[in-house]
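Novice: Just a sequence and a predicted model for now, questions to come.
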Amino acid sequence: MNLLLYYVLMALCSLGSVIAVVFAIIERDLLKAVLFSAIQSTLYAFLYYLLMAPDIVLTYIPVSVGLYPAVILFLIKKTERFENVETKRSVLLSSLVLTITFVIVSAAVIAGRGIGPIPTPDVRFLAAWYLGTTFNPSIQLVSAMAPEGVTSIVWDYRGLDTVFETAVLFLAIIASVALMRGIEHKGVYDELKHGMSLIGKTVTKIVVPLIIGVGISIALHGHLTPGGGFQGGSALAVAPLLVLVIFSKYFFDKVGFTKGKALAIRSSGLLGVGLTSFAIVIAALFARSGAYILQNQPRVGAPIGFPWKGIDGVLLGGSLLSFNACEAMAVCAGFVILFLLLAIPEEYVRKVLAQGGEHEH
Amino acid sequence: MNDMASVLDWVLVLLGEVLVSIGVFFDVVAAIGMLRFPNFFVRLHAATIGAIGGAFVPLIGVALIAAGCDFLGPYRWFISGAAAITAILVLMLAPVGSHLLAKAAHESRAAVVEPKVVDFLEEDRVRGETR
């Protein structure tokens, strides 16, 4: 009975998200389209919650409801708010037919047991293995020795996957930096002329430290409670975004926070991720013993590991703490680079491009 | 001593429930205002009633209820603290949000002030006294 309720809620969320996507496509006012897209993201977040993935919800909400619409809104501001292309009825009809066909076919496949047996709510073998080995001092040679299961899987059991996911994200950021190379836009910040009203600025000054505190705590507490490097970094990136919107871009020039400095923070974060991956290998070179890349705790034939317990039995989480801290730095600075690039006025970019060649530094 | 603690818990829970009830009242008032008020600026006023009376006050109530729930063990302080911090954030952010919305709507003339009794900001702008 309880399970049926879950399935009904999940089906309603999926249906709602399909409807929201259709509205987002046919809406000609792009601002409203962004709103529909955010509704779809909210429903997806709820789906993830129903699928019992709270950490993904934690990342999904700031990124897809906060950052992603913000980036799109920036882009809309630079181009046009209204689509002048009328969505053709035939396009709409065929996409509706496609969606309905897809839903019916996938329902038929599931009903015909085409994807194998539907999992039972009982704990299966793989889950039992993770639950039994995530934090288990009695079998340290196979345990990750950190109580947060998801962070342990992300950075210990499946560490290599996460490193490559990080690499993909940062390649995208490097690509955008390369696209905008040589385009430097600076201005003099004027307290009265730029940004929003005094009330807005004052409250932002109060709120920004709070957001930074929350972000850091999500990142540094990631090996104990739901959260982690990426989630903490996304939350941290909201603070500079607020400053950018409320104080204007020129405020960054006034405090001397440039794209180059953000790149330096991002690179040192990535360097930290790399160093943590190889730390045990380097230590094993001196100790003349075996070691693995991305090793966290001692394993058979590789006796060196990160400390998992500090003074008074405080749980350190081994390599997870270091990974989370470095990843948060890199993600936050990466997003700041994107925001700073998107805040450059379009006319200025056009002017530089029209001149041809690159600016002298 | 134990009796004293449980009496205190009861008082906390009762106080919290009173605050949550006040919140329900304000939420209903805000919803009616959103539907019935004539223009953007007055409707914004109704929305702020919902944010402060209907979110800040019941969140404080939730903090009190959680603090009075002995069966939650030490976790009651987690719930209580989180609710209190959220309440303080709402208290700071909701007025600023509505202020910026109203200012932007007035400056860009996206919302018409109609029906209007008096609009000092408009008069100032006509005289050129705003920035």
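Specialist: Thanks, I have the structure now. Here the structure is a predicted model, which is why all the values come from computation and not from measurement.

Novice: Now for chain B, the helix or strand with the poorest mean pLDDT.
Specialist: Within chain B, no helix or strand scores below helix B:120-127, which has a mean of 84 by mean pLDDT, DSSP states H and E.

Novice: neighbours around residue B:42, how many?
Specialist: By the criterion of other Cβ atoms under 10 Å in any protein chain shown, residue B:42 has 15 neighbours. (Each C-beta comes from the backbone N, C-alpha and C, glycine too.)

Novice: That one and chain A: what is the separation?
Specialist: 20 Å (Cβ to the nearest Cβ, to the nearest Å).

Novice: Can you check what pLDDT the model gives that residue?
Specialist: Note for residue B:42: predicted pLDDT of 91.

Novice: For chain A, what's its nearest residue on chain B.
Specialist: Minimum separation of chain B from chain A (Cβ to the nearest Cβ) falls at residue B:96, amounting to 4.3 Å.

Novice: Touching, residue A:333 and residue A:266? I think so.
Specialist: Yes. Checked against Cβ atoms under 8 Å, the pair residue A:333 and residue A:266 is within contact range at 3.8 Å.

Novice: Is the least confident helix or strand of chain B positioned near chain A?
Specialist: No. Using Cβ under 8 Å from any Cβ of the partner chain, helix B:120-127 never reaches chain A; the gap is at least 12.0 Å.

Novice: Which residues are in contact with the one residue sitting closest to the centre of chain B?
Specialist: Geometric centre of chain B, nearest residue: residue B:52, 1.2 Å, by Cα atoms, centre = their mean. Contacts of residue B:52 were listed using Cβ atoms under 8 Å, 6 or more residues apart in numbering or on different chains, and they are B:26, B:90-91, B:94-95.

Novice: filter these to the buried ones?
Specialist: Neighbour-count burial (16 or more other Cβ atoms under 10 Å in any protein chain shown) applied to the contacts of residue B:52 gives B:26, B:90-91, B:94.

Novice: Among those, which pair sits farthest apart?
Specialist: B:26 and B:91 (13.9 Å; Cβ to Cβ).

Novice: Let me see the contact set for residue A:223.
Specialist: Residue A:223 neighbours (Cβ under 8 Å, 6+ apart): A:146-148, A:151-152, A:315-318, A:320-321, A:324.

Novice: near chain B, which residues of the stretch 101-250 of chain A?
Specialist: With the criterion set to Cβ under 8 Å from any Cβ, the stretch 101-250 of chain A comes near chain B through A:192, A:196-197, A:199-200, A:203, A:206-207, A:210.

Novice: Return the set of buried residues in the longest helix anywhere in chain B.
Specialist: For chain B, the longest helix by residue count, based on DSSP state H, is helix B:2-36. Going by neighbour count (16+ other Cβ under 10 Å), the buried part of helix B:2-36 is B:9, B:12-13, B:15-17, B:19-20, B:22-23, B:26-27, B:30, B:33-34.

Novice: Could you give the separation of that helix from the chain centroid?
Specialist: 13 Å (Cα atoms, centre = their mean, to the nearest Å).

Novice: got the contact list for the helix or strand that that helix is followed by?
Specialist: Remark: after helix B:2-36, the chain's next helix or strand is helix B:40-51, criterion DSSP states H and E. Identification of contacts with helix B:40-51 by Cβ under 8 Å, 6+ apart yields B:26-27, B:29-34, B:37, B:90, B:94-95, B:98, B:101-102, B:105-106, B:111-113.

Novice: Output the following helix or strand past helix B:40-51 in PDB with nothing but the alpha carbons.
Specialist: Moving toward the C-terminus from helix B:40-51, the first helix or strand encountered (DSSP H and E) is helix B:57-68. Coordinates of each C-alpha in helix B:57-68 appear next as PDB, following Å, rounded to 0.1, in the frame of the first residue of the first chain:
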ATOM      1  CA  VAL B  57       5.900  33.300  13.000                       C
ATOM      2  CA  PRO B  58       5.100  29.600  12.500                       C
ATOM      3  CA  LEU B  59       8.800  28.800  12.000                       C
ATOM      4  CA  ILE B  60       9.500  30.200  15.400                       C
ATOM      5  CA  GLY B  61       6.500  28.100  16.600                       C
ATOM      6  CA  VAL B  62       8.100  25.000  15.000                       C
ATOM      7  CA  ALA B  63      11.400  25.800  16.800                       C
ATOM      8  CA  LEU B  64       9.500  26.000  20.200                       C
ATOM      9  CA  ILE B  65       7.500  22.800  19.500                       C
ATOM     10  CA  ALA B  66      10.700  20.900  18.500                       C
ATOM     11  CA  ALA B  67      12.500  22.200  21.700                       C
ATOM     12  CA  GLY B  68       9.600  20.900  23.800                       C
END
